[in-house]
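# Quick one: sequence and predicted model below, then my questions.
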Amino acid sequence: MSGATATGPRLGSRRRARRDEEGFDKPRFLRVYSWLVYLYLFVPIAVVVLFSFNSVKSLQSFRGFSLQWYRDFLSDETLRESLFVSLSIAAITMVIATVIGTALAIGLVRARTRWSPAANILMLVPLVTPEIVAGISALLLFSQLGIQLSFWTIVIAHITFSISYVTVVVRGRLASMGDEVEQAAMDLGATRLQAVRLVLVPGLWPAIVAAGLLTFALSFDDFVLSFFTTGEDVQPLPVRIWSAIRFGVSPTINAIGTLMMVVSLTAIVAAVLLPRLFGRRESGIKVLTGQEGG
Amino acid sequence: MEGATVEPVEPAGGTGDGGDGEAIRLESVTKRFGDFTAVDAIDLTIAKGEFFSLLGPSGCGKTTTLRMLAGFEVPTEGRILLEGEPVEDVPPYERNVNMVFQSYALFGHLDVAGNVAFGLKRRKVPKDEIERRVADALELVSLGNRAKSRPSELSGGQRQRVALARALVNHPAVLLLDEPLGALDLKLRRQMQVELKQIQREVGITFVYVTHDQEEALSMSDRIAVMSEGRVAQCGAPEDVYEHPTEEFVAGFIGISNLLEGVVEGSGTVKVATGDRIAAPLPEGCGPGDTVQLSVRPEKIAVDEDVEPGMVSMSGRVVSRVYHGVNTQITVDLGHGAHLVALEQQTYTASADDRWEEGMEIKLGWHPENCLVLR
Amino acid sequence: MSEHGFWSRFLLPGGLWLFLLFVVPICLVLALSFGYTDDLGRAVYAFRLDNYADAFDPLYIPVLLRSIGYALATAAICLLLGYPIAYYIARYGGRHKHLLIAMLVIPFFVNYLVRTYAWVALLADEGLLNSLLGDVGISEIQFVNTPYAVIGGLVYGYLVFMILPIYASLERMDGSLIEAGKDLFGTPARVFLHVTLPQTKQGILAGCVLVFLPAVGDFVAAQLLGGPDTYMVGNLIQEQFFTASNWPFGSSLTVVMMLFLSIWMFGYLRSAAREARDPVAAEGA
Amino acid sequence: MSALDPRLSRRQLLRAGAGGALGLYGLGALGGCTVSRPIEKPESTAAVKPEIDGDILLYNWAQYMDPDIKKRFSEKYGVAVNEVNFDNLEAMVTKLRAGGHYDLIWPSTEYAFRLQQEGLLHRFHRDSLAHADGISSFYDGGWWDPNNEYTIPYAYYTTGIAWRNDVVSGMAGSWNDLTNPDGAGKMFILDDFQEAIGEANLLNGWDLNTADPNQLEVSKQTLLEQKEFARGISTNSVQNLVNGSAVIHQAWNGDIVNVRNQVDNPEDFSYETCKEGVPVGSDLMCIPITARSPGTALKFMDWIIEPDNAAQNVTWNGYPQPVEGGKQAFAGLVKDEPSIDVDIEELGDGGMEYRLDNAEDRALWNQVWTEVKAS
């Protein structure tokens, strides 16, 4: 497995695209198909955004432009706090899960102990476990230990579920990096720990950023785990949306949905721009999709 | 490259004089990975200031040997002495050796200067001295103007130089190079070979160079150890190894070698498959009835009218002819399953118009002393 | 300290965390699945098989099978929708490649519940789509409260988990392989079938697993988009915990669901292992 | 996500499995333990006084109270009023039993009774509230709170049938109307085990709260027949009616107020209560024993039943409040459709409430409902 960009002709050059306009590979067909899928993806989003500006309390007919639902949202302190709580949970989850998951990825690729195969399986199981199972088991654990359901129980459940995503993303890049850079660092006088800190982690940075963003998005969007582990503290937004949806909704939830999207997109744009501000030259979107870095 | 100086650690010594001038000594070093023996009880002594090459096909144990010198692998058995001190158990970051990796292993998140300064920073060298030495090292490899570039912005050859500067700047006792030119194209490689040799002379640091390219090893090294299946098949100066291979493997690995199987006869001649009796200097302890391989380098073979009296001569039929420009490689079928390859030089007398065609009869000959007998 | 001792330490925090907060709790679920609910409605650990007798009741097995059916359909549709678009982006995306991928991800930043609910607004009997259809003279079609709506909602919810792994494996594939295939007289369809598809097998497998398994346990789509006959195992389990307050039965249903899924999980892990033993085939992975 | 390719052997899988088995063995020690710990109850059982003693946390249905009322209370007394939501009462009790520190909860009469029986509610004197006089006499000494020590009413509702009178005709004020042929495939049953089974019990002429397994079996069949006819099982009657998916909907009266507020043709939406029996529900306010600021909570209750606030809240959520101000406001809301209005005093005799007194009966009902949904 080579380091993706380094060697070999790659898919998708424009020159090749022209040459292949024939038969099954006809990009015109694929293009139309793809745009239809994009349409499918974006129509509901457009509906959400459009109706968040509706002037009447209806999700069926759009009568005129109004910011009423945003005002409703902003004047409702409880909802505002929920948004803040959701952001906090996502941020804390992102930081802790990224650190633990990255360490796990490093351990899995580099260590060869009799525990690493078990850890390898352990790490993968959460990815293929339905969320409801994770939610129930977390609820059981907390009840069993007599731990109050609270902000922190949600955070713990989110971290547990996110570690694997981080590990998988980071491990992919680590595997393609090889171990020569660490050896080079040690050869130049860095201890093992220094090699990790000064060379390995910076080299993994694009993957770490991508994993962190993924974790943030997953946590911010998560409903099921939060639903099972939320307690007396302010509930995250999705839990509130669920309670509201069961008994009829107002366009306020569209406003909330739109705001959540704006928040997530802002986080991404920030993550894309920040590395540039720090003088790093990775393409932001590349970093995002975990593709490649320096 | 002028004006740049990297203080030599030691004045450049001569070739393998051993004793005090010894940089590295391996004493029956063995490395096993599970059931597989990668390096099998090798003994080597490398002198200070020497350009020493480990040459061999992939899997012969040369890289493992290098990695044991660097400290990335611990020998299963045996001792490694670095300037007289045993270092088998010293971790890589405490050994005064540095390595140039095959993949260069440059740090992508640091610029060129940052890469080169890395080792000095680890050794807590004062800041101004770091700056000076980094600048010198970059001058040495002609990259003084790329200090602020990222490795990803450099060409392959430039990356290679950064890797070299990064290692040399630390003034290691020994510099280890693991096929450092492997990823470069042929032309650049030739150029770098020359530069590398020049830099080595300039800084006087001992180089241990791993390669599978015999030409590279021959052209650069003071001494070469040819390795095969985890052991050293032959160790000596390039001329030695080329001209006087001690075994079939070495002869075959270094350069094109014509091998003719034969049996030693009482008269001191070797009878080969074609039935010809060929005079050749026999190695010691080689008696009548022994099966041997007769080896002649292609460039030692004279063709047709160049065959002089006193030469061993044989004739056959041209099987193929490959035009190389400088010379033409002719493969000749001697019958009875024996083949020889000869190189006909382009000289001021001969021209490319004199073509050998397939199927033509041809006469070959060589001086008996240019023929080696291998057991 | 040995080399491996050093690296093993990196395994410790994550390994410990996952063991204590993932494995142990799942064992708790397993333990409670043999328990019962006492007179005060509290869940008690014990060793009784009643819950399993109930869980394997002919009444509930169809619910589980239905969930698996929906999830299979979801994975299949996601594959049909996702593969061509991943292929298009990887092969013809050019310099917009990363933007195209980012655009796929954007809808997933609107909360899953809100997104799903948007479908209700779109597809309701007097919703936007039906009113558009009404304008062109097509009579009202019932979309919501049908199995199709549930599957559609699941597809919409999990599509990105299919596209990304497939895209990644296509991206990693050497483009010259396709050219080699054509060079060796393969028609485009044959090249796709015999070169591209096998090369991206691992990505397809990963995508299918990442879509199928979570979809089985989903209860949001069925709750919001389903009808009377689209009850899924996720709804059943969720209600045992929060409506019927029968945690032991809910736990045993969870275990039974996991048993059904473990066949798929194990199959997936096995195939990944086989792939690893055959390095040539694994090259594309 | 791309690298989801574990390289695992069967042996590794087995080893992981062995670890899990070991964990299970340890769990054997759990036998006989209950999952949740008992709640620590305070020793003092003195009646709570309405005085500000800290911030409060409300645990309520979603969108059941005008945020402005909380906001003004918060501003007036300088305490924070936080709110979390549940989507069904059982979930509320679950989290409460898990020890959640909620200050004010909104149970139905039945749940208030259960919680009080379990000793999970704070006691207070109703006459310590300034606005207690306005409370409807129906809530004076109810079976769930004979001495008026634990509860204050918040809202009440009837369960009946909502329908689209422009599509459906022949509604006869009976639960049989759920299967009116005009509504085939566009009828919804409430996703609430008591409302659903209760309606079937009434239709079969049995006691609303019957726990007789034979009777419940017949009711289950009734429900299964209705399900054949239904479009869905949902509590979201507002949306289902507004977006045209439902033309007949088992519904709470307050929801119809909301429906009529959202559509262009409110006159097309009717509501009826049924002659077989009208389930009446009351949502109460109680202070859990785990409350951290019971005094503020009591004060807040008083604030809710203050006539102007009650009127404002009713206008906001569409449900009648059985206090001065609330009643009048609701009458104003529904003056176009008197069927939605309900005079709680009149229902004192004819109305019926859901009440399952023991865990076995509840389990039986839940079982029936789960079977209906799963079939």
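Alright, I've got the coordinates.
# Only C-alpha atoms from now on, for both contacts and neighbour counts.
Fine.
# ok, longest helix in chain B?
Determined from DSSP state H, the single longest helix within chain B is helix B:186-203.
# Now do the buried residues in the very next helix or strand once past it.
On the C-terminal side of helix B:186-203, the nearest following helix or strand under DSSP states H and E is strand B:206-211. By neighbour count, with 16 or more other C-alpha atoms under 10 Å in any protein chain shown as the criterion, the buried positions of strand B:206-211 are B:206, B:207, B:208, B:209, B:210, B:211.
# quick one: the spatially most central residue of chain C from residue C:82, how far?
For chain C, the residue lying nearest the average C-alpha position, counting by C-alpha atoms, centre = their mean, turns out to be residue C:211 (2.3 Å). According to C-alpha to C-alpha, to the nearest Å, residue C:211 stands 11 Å off from residue C:82.
# Do you have the helices of the stretch 101-250 of chain A handy? List them.
Secondary structure of the stretch 101-250 of chain A (DSSP state H, counting those that start in this stretch): helices at A:116-124, A:131-145, A:151-177, A:180-187, A:192-195, A:201-221, A:224-229, A:237-245.
# Mean neighbour count and distance to residue D:200 for these - can I get that in a markdown table?
Rendered in a markdown table, the data for the helices of the stretch 101-250 of chain A read as follows (neighbours: other C-alpha atoms under 10 Å in any protein chain shown; distance: least, C-alpha to C-alpha, whole Å):
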| stretch | mean neighbour count | distance to residue D:200 |
| --- | --- | --- |
| helix A:116-124 | 22 | 48 |
| helix A:131-145 | 23 | 32 |
| helix A:151-177 | 25 | 40 |
| helix A:180-187 | 25 | 72 |
| helix A:192-195 | 17 | 70 |
| helix A:201-221 | 25 | 39 |
| helix A:224-229 | 25 | 31 |
| helix A:237-245 | 24 | 26 |
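# Please name whichever of those is nearest to chain B.
Using C-alpha to the nearest C-alpha as the criterion, the shortest distance between chain B and the helices of the stretch 101-250 of chain A is 4.6 Å, found for helix A:180-187.
# how about residue C:115, secondary structure?
helix (DSSP: H, G, I helix; E, B strand; the rest coil).
# residues contacting it?
The neighbourhood of residue C:115, defined by C-alpha atoms under 8 Å, 6 or more residues apart in numbering or on different chains, consists of A:44, A:45, A:48, A:257.
# Now do the same contact list for the second one.
Listed by C-alpha under 8 Å, 6+ apart, the contact partners of residue A:45 are C:107, C:110, C:115, C:118.
# Mind telling me what element residue D:76 is part of?
Here residue D:76 sits within helix D:67-77, counting by DSSP H and E.
# Rounded mean pLDDT for that helix, please.
Averaged over helix D:67-77, pLDDT sits at 92.
# What is it packed up against?
Contact here means 3 or more C-alpha pairs under 8 Å, 6 or more residues apart in numbering or on different chains; DSSP states H and E; on that basis helix D:67-77 packs against strand D:81-86, helix D:294-304.
# out of the ones you listed, which comes closest to residue D:52?
Of all the helices and strands packed on helix D:67-77, helix D:294-304 sits nearest to residue D:52, with 4.4 Å by C-alpha to C-alpha.
# Report the inter-axis angle for the following helix or strand past that closest one versus helix D:67-77.
The element immediately downstream of helix D:294-304 (helix or strand, assigned by DSSP H and E) is helix D:307-317. Our comparison of helix D:307-317 with helix D:67-77, counting by axes from the mean of the first three to the mean of the last three C-alpha atoms, to 10 degrees, yields an angle of 150 degrees.
# Helix D:307-317: which residues count as buried?
Neighbour-count burial for helix D:307-317 [16+ other C-alpha under 10 Å]: D:307, D:309, D:310, D:311, D:312, D:313, D:314, D:315, D:316, D:317.
# Could you do stretch B:320-328 as well?
Buried residues in stretch B:320-328, counting neighbours by 16+ other C-alpha under 10 Å, are found at B:320, B:321, B:327, B:328.
# so how far is it off the chain centroid?
25 Å (C-alpha atoms, centre = their mean, to the nearest Å).
# which other residues reach it?
For stretch B:320-328, the surrounding residues in contact (C-alpha under 8 Å, 6+ apart) are B:329, B:330, B:331, B:332, B:343, B:344, B:345, B:346, B:356, B:357, B:358.
# same check, this time on stretch B:57-69
With contact meaning C-alpha under 8 Å, 6+ apart, stretch B:57-69 is reached by B:31, B:38-39, B:54-56, B:73-75, B:80, B:88, B:97, B:176, B:178, B:208, B:210, B:212, B:227-231.
# Please identify the buried residues of stretch D:200-218?
Within stretch D:200-218, the residues that qualify as buried by neighbour count (16+ other C-alpha under 10 Å) are D:200, D:201, D:202, D:203, D:204, D:206, D:208, D:209, D:210, D:211, D:215, D:216.
# tally of neighbours for residue B:360?
Other residues within reach of residue B:360 by the criterion other C-alpha atoms under 10 Å in any protein chain shown amount to 12.
# My error: substitute residue D:76 in the last question.
Other residues near residue D:76 come to 9 when the count uses other C-alpha under 10 Å.
# same question, residue B:237
Neighbour count of residue B:237, defined by other C-alpha under 10 Å: 18.
# Excluding sequence neighbours, find me the nearest residue to it.
The shortest distance from residue B:237 to any residue other than its chain neighbours is 4.3 Å, reached at residue B:223 (C-alpha to C-alpha, 6 or more residues apart in numbering or on different chains).
# Can you give me the separation between that neighbour and residue B:173?
Counting by C-alpha to C-alpha, the gap between residue B:223 and residue B:173 amounts to 18 Å.
# Show me where chain A dips below the pLDDT cut-off.
Low-confidence regions of chain A, defined here as pLDDT under 70, cover residues A:1-26, A:247-249, A:271-294.
# which bits of it sit near chain D?
By the criterion of C-alpha under 8 Å from any C-alpha of the partner chain, the positions of chain A lying close to chain D are A:56-58, A:60, A:76-78, A:117-118, A:120-122, A:124, A:140, A:143-144, A:146, A:148-149, A:165, A:168-169, A:171-172, A:231-235, A:240, A:242-249.
# 6 Å - rerun?
By the rule C-alpha under 6 Å from any C-alpha of the partner chain, the part of chain A lying against chain D is A:57, A:76, A:117-118, A:143-144, A:146, A:168-169, A:172, A:232, A:243-244, A:246-248.
# Quick check, central residue of chain B?
Centroid check for chain B by C-alpha atoms, centre = their mean gives residue B:217 as the closest residue, at 2.3 Å.
# State the pLDDT value of that one.
Model confidence at residue B:217, expressed as pLDDT, equals 90.
# Okay, and which of the buried residues of stretch B:320-328 map to strands?
Using DSSP state E, the members of the buried residues of stretch B:320-328 that fall within strands are B:320, B:321, B:327, B:328.
# so which pair among these is furthest apart in space?
Pairwise over those, using C-alpha to C-alpha, the maximum falls at B:320 and B:327, 14.0 Å.
# and which of the ones in strands among the buried residues of stretch B:320-328 is nearest chain D?
Once C-alpha to the nearest C-alpha is applied, the member of these that ends up nearest chain D is residue B:320, at 49.3 Å.
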